[in-house]
Structure formats: C-alpha cells, structure tokens
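Participant: Here is the input, now give the coordinates:
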Amino acid sequence: MVLYAFAIFLVIIALLPLTQGTHWIIRGWDFIRVQTSVLQIIVLGLLLWLEYPEASWQYVVLISLAITLVFQLYVVFPYTSFFPRQSKKPKNTANLNKISLLSSNVLQTNREYHKLIEQVHLHKPDLLLVMETDKQWEEGLSEIEQDYPNVVRVPLDNFYGMHLYSKYELSETQVNYLVEKDVPSIFTKVHHGGSTPLELICVHPAPPSPTENETSEERDAELLIVGKAVRILEDNHPIIVCGDLNDVVWSRVSKLFAKVTGLIDPRIGRGLFPTFHADYWYLRFPIDHLFHSTNVTVDKMMRLPHIGSDHYPMFFSFWLENGKPISPPEVEKEIEEEVEERIEEGLERAE
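Facilitator: Numbering: from 1, shown residues only. Reported below is the predicted structural model:
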C-alpha cells in the first residue's frame, strides 16, 4: 500500500505544474522532472515486482504512473543529444564574426574569486557576465579589468548584483529594474567588429521559493517583459538573452518566452547542462540559460568546473551572421492575452 500511495503522489506532482497555479509549491515540481522521472521508473518496477495490482484502483494507479512517466520523458527528451539540434553550424563560417561569453552566478557569499578568474584566463571569453556580485566581488575581480576595459557595474548586497565585463565597446547600456525595484537587468549593444552590433540582455529574476518570492509571478513577468522587448529590437541585429533565469526551459513561461521572441535554446539537441545545485548531484537542474536569434549560431556550449558557488558557470562561443534579417514570430491572440495577464499580475505583486 505504501508503494501505491507514493505512486499517487508521483502522479500528482508530475501534473501539478500543468495548472495555472503560481505558488512555489506548485511551480517547484517543474524543476525536478528528471529526478521524479527516475523515481517513477523505480516505483513502477517495484510495483510490477512486489505488489502487482489486483484491485481495479491499483490498475488505475499503475497506468496513471506509466502515462505520467511517458509525459515527463516527452517533456525533457528535446534536451538530450538524441533530439535534432535547432542551432546548427553555418555552411560557411569564413566571413562570420565569432565571439564568446562566460556566464556565472558566483553566489554572493562565495569568496573564492580565484576559481572564476582561473576559468576566465583559461577560456578567455569576450564577454563575462557575473551575477550575485557585491562590492567585494567587484574588488575581487578587479585584476581582470585590464583585459576587459568595458564594464557595467551593478554591485548589490541582496544577492542580485550583476557585472558585465566586455573586451568590446558597449553602447546604449541600460540598467533596468523591470519588475522588482532591487532586481536589475542589463540591456546593451556589443560592438564586436561586425556590421551590426550584438543586442545583449542579461537577466537574473528572483525565483519562486520558500526563501524568495512566494509565487513565480514576478519572475514570469520579468521574462515576458524581456520577451516583448526582444520583439522590437532591430530586425537585423544578432540577439542574445542570457543569465540565471531561475526557470527550467520546459516550463510554461519559458515556452511562452520562446513563442513571443522566436529565440532558440541551444540546449535542444545538445543536453540538459544542469547548473544548479552544484553541490548536490541528485538535485540538479538547468536554470542558467542563453537564448539567441536565428542569425546567431552556437558553436561550443560547456558547463565549467565548480568555482565554489551553488551554480556551475556556462561557456558559449557563437558565430554572428551580421546583417541577416530576422523577424519576430506571429503570436496568436490567446498567447498575447496570456502574456499581458502574467505581466500585469507580476507587476501588481511586486508593488
């Protein structure tokens, strides 16, 4: 009976994120679909081996468990190497600009600056985005500024500080507080030597959790506001949105973000690249992301070694097809209405 009770629990938590509920108790189950899928496989096997169903309700539980397992595997399957990649290498890269980016949530209380600096010296990214940075982190990374003359500094003591280091000139840089007054994002143009600048948006919204926001409404609103901003950028500029999004790529809001922007997730066909929690292998999921426009192609995507943070850093290199026109996708009226409703709810809750 205990196994059947646990099976019912696994069925419920697999389906909960499909509801419109935004409380962290509901949204949190979306993050660990891989882990709960493994538990479903184990319980399914134990039921067939130790407690084969006899009553009709037991058959219902067993079938429900099998169906939700198939559903969960269907959800995560695109983020495996068996699925076709969306981001494919251009046929001719000779005339394309190639740049690289290292993104890392460093954990504000982590003071092992040298570990991140070692990765910077090893991979030599053109752009370095660090999150959860305060004044001490700014000082700890000061030695790299000789290689990165263009810096956007937003030191904060609330675990939402952000610094962007660039070898290239930046222009029209804005530090925006899109939803919450103490959670910044960076919008800038990166002049990398091509005919058109790279539009770079760096974000780190607060997650739904018992220690942060009670619901996902604020996070959802920020991601969708960024999605709307992407739609009005220049139609031939390469676009990248990156950072610790505190959301998994298969969630409803991430899917809405992709539909609104038309941006590509390079994880598709490559793998999960789970980045959090770095200290617990059994409780790890992908929340540090990079999305790019169709005139950007990811060459390398790597999860880097532990740097003392609760997140692993991510490294990307990509080609930019300068001047190649892109256009935002058409969005159905129902999707537009849902996006506007979620943004309104998030802004109201953040007041």
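
Participant: Neighbours of the spatially closest residue to residue 273 that is not a sequence neighbour, how many?
Facilitator: For residue 273, ignoring the flanking residues on the chain, the nearest one in space by Cβ to Cβ, 6 or more residues apart in numbering is residue 303 at 5.0 Å. Just so you know, the C-beta spots here come from the backbone N, C-alpha and C atoms, and that holds for glycine as well. Residue 303: 17 surrounding residues under other Cβ atoms under 10 Å.

Participant: Let me know the pLDDT of the residue nearest to residue 166 when sequence neighbours are not counted.
Facilitator: What sits nearest to residue 166 in space, not counting adjacent residues and going by Cβ to Cβ, 6+ apart, is residue 150, at 4.2 Å. Residue 150 is assigned 97 on the pLDDT scale.

Participant: if we can go back for a sec, partners of the residue nearest to residue 273 in the sheet?
Facilitator: Residues in a beta bridge with residue 303, per DSSP bridges, are residue 314.

Participant: thinking it is in contact with residue 312, fair?
Facilitator: Yes. The criterion here is Cβ atoms under 8 Å, and residue 303 meets it with residue 312 at 5.0 Å.

Participant: centre of the chain versus stretch 232-249, how much separation?
Facilitator: Centroid separation between stretch 232-249 and its chain, computed with Cα atoms, centre = their mean, to the nearest Å, is 10 Å.

Participant: Check which residues of it are buried.
Facilitator: Buried residues in stretch 232-249, counted by 16 or more other Cβ atoms under 10 Å: 233, 236-249.

Participant: Quick one: neighbours of the residue nearest to residue 166, just the number.
Facilitator: Other residues near residue 150 come to 18 when the count uses other Cβ under 10 Å.

Participant: For it, list the residues it contacts.
Facilitator: Residue 150 is in contact with 165-170, counting by Cβ atoms under 8 Å, 6 or more residues apart in numbering.

Participant: ok, residue 101 - contacts?
Facilitator: Residues near residue 101 by Cβ under 8 Å, 6+ apart: 125-129, 240, 242, 290, 315-318.

Participant: that older thread, confidence score at the residue nearest to residue 273?
Facilitator: We have a pLDDT of 98 for residue 303.

Participant: about what we covered before: let's see the ChimeraX selection covering just the buried ones among the contacts of residue 150.
Facilitator: Buried residues among those (16+ other Cβ under 10 Å), as a ChimeraX selection:
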select :165,166,167,168,170
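
Participant: From the contacts of residue 150, which land in strands?
Facilitator: Judged by DSSP state E, the subset of these located in strands is 165-166, 169-170.

Participant: Now for those residues: which two are most distant?
Facilitator: For the ones in strands among the contacts of residue 150, the maximum inter-member distance is 12.9 Å, found between 165 and 169 (Cβ to Cβ).

Participant: what about residue 123, neighbour count?
Facilitator: Counted with other Cβ under 10 Å, the neighbours of residue 123 add up to 17.

Participant: any idea how far it lies from residue 225?
Facilitator: To residue 225, residue 123 is 31 Å away according to Cβ to Cβ, to the nearest Å.

Participant: Residue 150 too?
Facilitator: From residue 150 across to residue 225, the span is 25 Å (Cβ to Cβ).

Participant: Please apply the same query to residue 161.
Facilitator: Distance of residue 161 to residue 225, given as Cβ to Cβ: 20 Å.

Participant: try residue 109
Facilitator: For residue 109, the distance to residue 225 - Cβ to Cβ - is 29 Å.

Participant: Mind checking which of those two has more residues around it?
Facilitator: For residue 109 versus residue 225, neighbours defined as other Cβ under 10 Å are more numerous around residue 225 (21 against 12).

Participant: Surely the more buried one forms part of a helix?
Facilitator: Yes. The assignment for residue 225 is a helix, going by DSSP: H, G, I helix; E, B strand; the rest coil.

Participant: so who does the residue nearest to it when sequence neighbours are not counted touch?
Facilitator: Closest residue to residue 225 apart from its sequence neighbours, by Cβ to Cβ, 6+ apart: residue 178 at 4.9 Å. Residues near residue 178 by Cβ under 8 Å, 6+ apart: 185, 221-222, 225-226.

Participant: got JSON lines for these, with distance to residue 264 too?
Facilitator: Shown next, in JSON lines, are the contacts of residue 178 (distance: Cβ to Cβ, whole Å):
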{"residue": "185", "distance to residue 264": "20"}
{"residue": "221", "distance to residue 264": "23"}
{"residue": "222", "distance to residue 264": "20"}
{"residue": "225", "distance to residue 264": "20"}
{"residue": "226", "distance to residue 264": "15"}
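
Participant: mind checking the SS state of the closest residue to residue 158 other than its chain neighbours?
Facilitator: Counting by Cβ to Cβ, 6+ apart, residue 158 lies nearest to residue 182, which is 5.4 Å off, once chain neighbours are set aside. For residue 182, the secondary structure call by three-state DSSP comes out as coil.

Participant: List the contacts of residue 182.
Facilitator: 156, 158, 160.

Participant: for residue 202, same thing?
Facilitator: 129, 162, 164, 185-187, 242-243.
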